[in-house]
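Q: here is a sequence together with a model predicted from it:
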Amino acid sequence: MSPRPRKVSDEEVFAATHRAMQRLGPGELTLSEIAAEAGVTAGALVQRFGSKRELLLKLSQAWAGSGDEFLQELARRHKSPLATLRAYAECLAELAPSPEALARNLAYLQIDVTDPEFRVHLLASSRATRTGLERLIAAAVAAGELRKITDPKALALTVESTLSGALLTWAIYREGKPERWLRERVEAVIKPYLRT
């Protein structure tokens, strides 16, 4: 006898988990909340993943290499490497549709930073994103958008650090929309390297 087919895929459960995480902090997030979002029972999630922690670890693992893939997808939708970089800055603002939402995201980041099992996936994701940024900046140099003296590795690190800090500073100052705030910060970073 073959096993009963699953009602929802792991990817659908991960998407539902992400949606629940957008509304709920780590202390509020339960398997019941995730199950309701996914349209399954909490028992089904326990049977499949074991616990909320194991589900979140599987989610982190699934997303670990997605940073570079996300940048490649953005590049397919934009006309130039710099347009892609600007779009990436605006996409990061989705982590902060409000100061409260950013605070929730930071609470999950605290777990990623302090728990060794989660940190492995955070590090893989961050490295993949930085590699994607380096590739994007090198493409901007090759396309003549940035000056030839530009060091893609150094500029990628600066862009990464600037955007991470810009999320926090937007939550502090709350001046304008987060998309504009992040876009302006990335523009300031790349301005000295632009070919005029």
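A: That came through fine.
Q: for the record, mean pLDDT for the helix or strand containing residue 134?
A: Here residue 134 sits within helix 116-142, counting by DSSP states H and E. Helix 116-142 shows a mean pLDDT of 95.
Q: now the element after it, going C-ward?
A: Next element after helix 116-142 (DSSP H and E): helix 152-173.
Q: now tell me what touches that following helix from outside.
A: With C-beta atoms under 8 Å, 6 or more residues apart in numbering as the test, helix 152-173 has contacts from 85, 89, 92-93, 95-96, 99, 102-103, 126, 129-130, 133-138, 141, 146, 178, 181-182, 185-186, 188-190, 193. All C-beta spots, glycine's among them, are computed from the backbone N, C-alpha and C.
Q: in it, what's buried?
A: 152, 155-156, 158-160, 162-163, 166-167, 170-171 (16 or more other C-beta atoms under 10 Å).
Q: farthest pair within the residues you listed?
A: Using C-beta to C-beta, these span at most 29.4 Å, a distance reached by 152 and 171.
Q: ok, and what's touching the lowest-mean-pLDDT helix or strand in the chain?
A: Taking mean pLDDT, DSSP states H and E as the measure, the helices and strands of the chain show their lowest mean at helix 66-77, namely a mean of 87. Helix 66-77 is contacted by residues 81, 84, 87-88, 91, 125-126, 128-133, 135-136, 139 when judged by C-beta under 8 Å, 6+ apart.
Q: and those, which is closest to residue 14?
A: residue 125 (13.9 Å).
Q: where does the protein have low pLDDT?
A: 1-6 (pLDDT under 70).
Q: on that earlier part again, distance from the least confident helix or strand of the chain to the middle of the chain?
A: From the chain centre to the centre of helix 66-77 is a distance of 12 Å (C-alpha atoms, centre = their mean, to the nearest Å).
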